[in-house]
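[1] One predicted model, sequence on top.
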Amino acid sequence: MPIVDNIRAIRWEDNQLCLLDQRLLPQQEIWLQLGDYREVAVAITQMVVRGAPAIGVTAAYAMVLAVQEMRQFSDWQQRLAGAAAEIKAARPTAVNLAWATDRQLTLAQSESAADRAATLLLQAAHALLEQDIADNQQMGRHGAALLPEQGGILTHCNTGSLATGGYGTALGVIRAGISAGKQLQVYADETRPWLQGARLTAWELQKDGIPFHLNVDSAAAYLMQQGLIQAVIVGADRIAANGDAANKIGTYSLAVLAQYHQIPFYVAAPLSTVDFAMPAGEGIIIEERPDSEVRQCASHDVAPEGVKVRNPAFDVTPAALITAIITEKGVARADYLHSLAELCG
Ligand SMILES: CSC[C@@H](O)[C@@H](O)C(=O)COP(=O)(O)O
């Protein structure tokens, strides 16, 4: 069954950035039109758009809006550097945010004429979006070969078209596996507290007609014990040079469980998610999100008022628990330090 993935959540129209508001899915499909880079930074912080590659593409367009605003000033390059710092501060963990913003800043700084820089940055943002989709499809081809011909695949958070330019990383691998004729049954973790799995992954899988069950996060061990899971595949927000991978909170627990049950545990991410400047996972900044996300469920209070909360949005899975890292250039295996560097060429 070939998968017709036609979900695109980031568009550039009438010189504005249009984002499908992921906070409202699946109940409402509302597009926001943003014409100011500051609004885009807020949209990233507030999760209108989320998922590491999608945040990267969004930041590239935010830089277009910023250069368009700054080009009237003689010190436009300096002002643009300030805007870049504001955009990068929107969320700390996904490296794609800083990676895409810095790429755009470097490009702008290589050009002395502001108007020309604005044109170049827009072209670069479009190219980044298209490249991300192509990379994900390539990643899908590499990763699909690792999946069993049939069986259950557990995934966490949302790593699909909504989390990227299109097609997805871990979900892209699943899409490619199904397209290649594999009989896969997806198990989608609901992914408390923000419910990316229940709200977004379930929406994408249903649209594509991919067979799946939605399960609570704490069912993972039981599903593995029952022999229902043949592989776990997740995305990543930042991969350290040694292969330690930061991803949505709960990923580390899945990797520990997968090792106990002797199930392969795969991470699928573009090479832009690898932070070669970060030697190991312990240096990765883990975002702490608002208490209300834990105290509430679907905007309803569930915990007593005033309780203290911990809400780390990500955790780091040690490289030793990762069977392989699937990238657009091929599959890396331990020793990741060399294997990832080799893929980068
Ligand atoms: C292709 S997406 C990979 C990761 O970005 C994804 O798994 C994830 O953790 C997203 O977290 P989010 O907080 O929704 O931005």
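    Received it, and whenever you're ready, just let me know what you need.

[2] can you list the residues of the stretch 151-300 of the chain near the ligand?
    Contact residues, the stretch 151-300 of the chain versus the ligand (C-beta under 6 Å from any ligand atom): 157, 159, 163-164, 169, 196, 235-237, 247-248. Bear in mind the C-beta positions are built from the backbone N, C-alpha and C, glycine included.

[3] with those in mind, which one is nearest to E86?
    Distance to E86, by C-beta to C-beta, is smallest for D237 among these, at 20.0 Å.

[4] need the contact list for that closest one.
    Shown in contact with D237 (C-beta atoms under 8 Å, 6 or more residues apart in numbering): 52, 93-96, 246-248, 273, 314.

[5] What about these, which are in strands?
    Filtering the contacts of D237 for membership in strands, criterion DSSP state E, returns 246-248, 314.

[6] and which of those residues is nearest Q27?
    Nearest to Q27 among these: K248, at 21.7 Å, using C-beta to C-beta.

[7] so what pLDDT did that closest one get?
    In this model, K248 is scored at 98, pLDDT.

[8] Excluding chain neighbours, what is closest to it?
    With C-beta to C-beta, 6 or more residues apart in numbering as the measure, C157 is the residue that lies nearest to K248, at 3.7 Å, once sequence neighbours are left out.

[9] neighbours of the one you found, just the number please.
    Applying the criterion other C-beta atoms under 10 Å, we find 29 residues in the vicinity of C157.

[10] Flag the shaky bits of the stretch 201-345 of the chain, pLDDT-wise.
    Within the stretch 201-345 of the chain, no range satisfies pLDDT under 70.

[11] which residues in it form helices?
    Along the stretch 201-345 of the chain, the stretches classed as helices by DSSP state H, counting those that start in this stretch are 202-208, 220-225, 251-260, 292-295, 336-344.

[12] Which among these is found nearest to T327?
    Minimum separation from T327 across the helices of the stretch 201-345 of the chain (C-beta to C-beta) falls at helix 336-344, 5.7 Å.

[13] Which residue does the stretch 201-345 of the chain have closest to the ligand?
    Nearest residue of the stretch 201-345 of the chain to the ligand, counting by C-beta to the nearest ligand atom: G235, 2.7 Å away.

[14] That residue touches G160, doesn't it?
    No. When contacts are counted by C-beta atoms under 8 Å, G235 is not listed as touching G160 (9.2 Å).

[15] list residues touching both of the two?
    In terms of C-beta under 8 Å, 6+ apart, G235 and G160 are both contacted by the residues G168.

[16] Near P290, how many other residues are there?
    Burial of P290, expressed as a neighbour count using other C-beta under 10 Å, amounts to 11.

[17] Skipping adjacent residues, who's closest to it in space?
    Across the structure, with C-beta to C-beta, 6+ apart as the measure, the residue nearest P290 apart from its sequence neighbours is N311 (6.8 Å).
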